[in-house]
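In: compute the structure for the input listed below.
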Amino acid sequence: MLSRFSRHAASTAATALVAGTVVLTGASSASAQVCSPFPSCVGKPYHPASYDNNLAEWNGRPLAPGSAIVGYVTNAQTLWVVCQANNGPTSDGEVSNTWDFAWSAYAGRYVWVYDYWMSTPQIGSNGYSPGIDHCNF
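Out: Below you'll find the model as predicted:
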């Protein structure tokens with residue numbers, strides 16, 4: 001469970017990233033660490049489960065003008081999911097609109113990934129996985 005401070009810090013980081021006002025770089029950047037022990041205090045660990053072992057990581061709202069893929073994460077790597085948005089675009093011909101906002105040590109920053117290809121709990125009728133905080137673009 002996130003503390004009130006870490007929830008606020010994660011929410012602020014998510015809002016800032018979406019707004020394009022903050023760029024977090026460097027996997028070991030102390031400024032990117034909003035709580036301790038990082039990153040387990042920010043979110044929950046999940047793994048990609050993509051069919052091609054190659055899940056795109058986006059630096060902002062996926063598929064939006066100005067957003068770009070900043071890297072790819074393999075099925076063996078861990079992403080720390082902070083929250084989910086259920087109002088994003090579909091991807092890979094799938095029907096889900098749910099995306100995960102996560103810390104990626106491999107990209108050294110917070111990223112957006114398509115939830116359909118993640119090991120998160122199954123999406124409920126509300127468009128979110130149980131036990132994962134909600135965030136929106």
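
In: the worst-scoring helix or strand of the chain on mean pLDDT: what's the following helix or strand?
Out: Using mean pLDDT, DSSP states H and E, helix 4-19 stands out as the lowest-scoring helix or strand of the chain, at a mean of 41. Downstream of helix 4-19, the next assigned helix or strand under DSSP states H and E is strand 44-46.

In: next structured bit after that following strand?
Out: strand 55-58.

In: could you give me the average pLDDT of that next one?
Out: Mean per-residue pLDDT for strand 55-58: 94.

In: isn't Thr74 right next to Pro48, touching?
Out: Yes. Shown here, Thr74 and Pro48 form a contact pair, counting by Cβ atoms under 8 Å, at 6.8 Å. The C-beta positions use only the backbone N, C-alpha and C, and glycine is treated the same way.

In: joint contacts of these two?
Out: Leu55 (Cβ atoms under 8 Å, 6 or more residues apart in numbering).

In: of those two, who's got more company?
Out: Using other Cβ atoms under 10 Å, the more surrounded residue of Thr74 and Pro48 is Pro48, with 24 against 13.

In: how about that one, what does it touch?
Out: Each residue near Pro48 by Cβ under 8 Å, 6+ apart is listed here: Leu55, Val73, Thr74, Asn75, Gln77, Leu79, Val113, Trp117, Met118, Ser119.

In: the residues you listed in strands, which ones?
Out: Cross-referencing the contacts of Pro48 against strands under DSSP state E gives Leu55, Val73, Leu79, Val113.

In: out of those residues, grab the one that's most surrounded.
Out: When neighbours are counted by other Cβ under 10 Å, Leu79 leads those with 29 neighbours.

In: low-confidence ranges in the chain?
Out: Scanning the chain with the threshold set as pLDDT under 70 gives 1-34.
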